[in-house]
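1. what follows is a predicted structure for the sequence shown.
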Amino acid sequence: MIKYRSPGRINIIGEHTDYNDGYVFPFAIDKYIYINLEKSEKFEFYSESENKIIIQEKLEKTNTWADYIIGVIKEIEKILHIGIPPFKINISSTLPIGAGLSSSAALEVGIAYGINDILNLNLSRVEIAEIGWKVENEFIGLRCGIMDQYACSLSKKDNAILLDTYTKQFQHIPLKLGEYNFFIINSGVKHELGNSEYNKRRQECEEVLNKLNKKTFRDVNKNDLEKLNGTLFKRAKHVVEENERVLKTVEALKNSNIQEVGKYLFESHESLKNLYEVSCEETDFIVDFLKNNVLGARMVGGGFGGSILVLSKKNEFYNLIDELNKRYHEKFGLNIDYFEVNSANGVEKIGD
């Protein structure tokens, strides 16, 4: 079997901007989906975490985790006008599922990269990212932006990617954090309304554009916000200001102004909570506890649970985490998971 690993990602800032033609600032992390591939007589997909195997002679949708694999194979066949031979594919993971770290994009990108490598299809990393994005949107039915797949495919260790999702131009920005580190705290909750509310936010943003008679959010500015009210005003205000925060964060990082980076993280969370309304009681509790104790923190991912990104000195983070866990357990009956975040390269082959 040939082995590949495809990373999860975190997004420093720029949440719910990627499907609104905005800016995002992600990097791949050293938590992975591991994929072993070999040619076979039938399509055979095995997931260690699910402890389930799916065998098909002809690829058909299953409404299970296997659809991320099936969708990728079908999409490659469609765009290249070829038939993909059957593969035996084993999946394992060190990436927490449901923590908002993009496990689905990691799987899509990893499968596309592995098949591309074995069959010498000459797909570029950008094309591989686009395949994953199409699968998520058209085959799975979750209308996501391109950030996750681009981060999983195109990341470089010790860098973040400033990605313009409107032009699809990107540049690698060195992650020079000095004595600070990023950490992830997993709230341990993922509210079921997440997917439906995610698609609802997309709809609301499309309504904003219709109301303003604009084709893209890149043409929306602060003066336009005066023409909106209620929910649509709140959604548009978040997107416009979050785009500004991404660019300010990049400049702060370039200038080694880490204090400013932390400030923008807290501002982003407040906006996601009050304007975009995608946080939840549990993640708000964690961020509120961290205020005045760390440099910055915000919810990451689609929302309604998942993870919190923290920017802090190591000793300060580890000095407070036990107290946070104690209070969190008292309030919600749950324990948090946490780990230090290290940057990583995008998807890669790790052995034959």
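-> Yep, it's here. Numbering: from 1, shown residues only.
2. just the terminal-to-terminal distance for stretch 165-181.
-> End-to-end distance of stretch 165-181: 26 Å, with Cα to Cα, to the nearest Å as the criterion.
3. in that stretch, what counts as buried?
-> For stretch 165-181, the neighbour count (16 or more other Cβ atoms under 10 Å) marks 165, 170, 173, 175, 177, 180 as buried. All C-beta spots, glycine's among them, are computed from the backbone N, C-alpha and C.
4. need these in TSV with secondary structure, can you?
-> Listed next are the buried residues of stretch 165-181 as TSV, based on DSSP: H, G, I helix; E, B strand; the rest coil:
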residue	secondary structure
Thr165	coil
Phe170	strand
Ile173	strand
Leu175	coil
Leu177	coil
Tyr180	strand
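5. from the residues you listed, pick the one nearest Ser196.
-> Closest to Ser196 out of the buried residues of stretch 165-181 is Thr165 (22.8 Å), distances taken as Cβ to Cβ.
6. how close does the closest one sit to Asn255?
-> According to Cβ to Cβ, to the nearest Å, Thr165 and Asn255 sit 24 Å apart.
7. likewise Gly302?
-> Gly302 is 31 Å from Asn255, by Cβ to Cβ.
8. neighbour count winner among these two?
-> Neighbour count, other Cβ atoms under 10 Å: between Gly302 and Asn255, Gly302 has more, with 20 against 10.
9. thought the more buried one was touching Val278?
-> Yes. Contact criterion Cβ atoms under 8 Å: Gly302 and Val278 qualify, at 6.9 Å.
10. identify the contacts common to these two.
-> When contacts are counted by Cβ atoms under 8 Å, 6 or more residues apart in numbering, Gly302 and Val278 are jointly contacted by 16, 198.
11. distance of the residue lying closest to Ile321 once chain neighbours are set aside relative to Cys152?
-> Ranked by Cβ to Cβ, 6 or more residues apart in numbering and with sequence neighbours excluded, the top spatial neighbour of Ile321 is Tyr338, at 6.0 Å. With distances taken as Cβ to Cβ, Tyr338 is found 22 Å from Cys152.
12. more crowded one of those two?
-> For the pair Tyr338 and Cys152, the greater number of neighbours falls to Cys152 (33 against 18), based on other Cβ under 10 Å.
13. with adjacent residues omitted, what lies nearest to that one?
-> Among residues not flanking Cys152 along the chain, Val109 sits closest, at 4.2 Å (Cβ to Cβ, 6+ apart).
14. so which residues make contact with the helix or strand containing Gly71?
-> Secondary structure assignment for Gly71, by DSSP states H and E: helix 67-80. Outside helix 67-80, the residues that touch it by Cβ under 8 Å, 6+ apart are 43, 45, 56, 59-62, 82-84, 87, 89, 91, 104, 107-108, 111-112, 115-116, 121, 123, 131-132, 134-135, 138-140.
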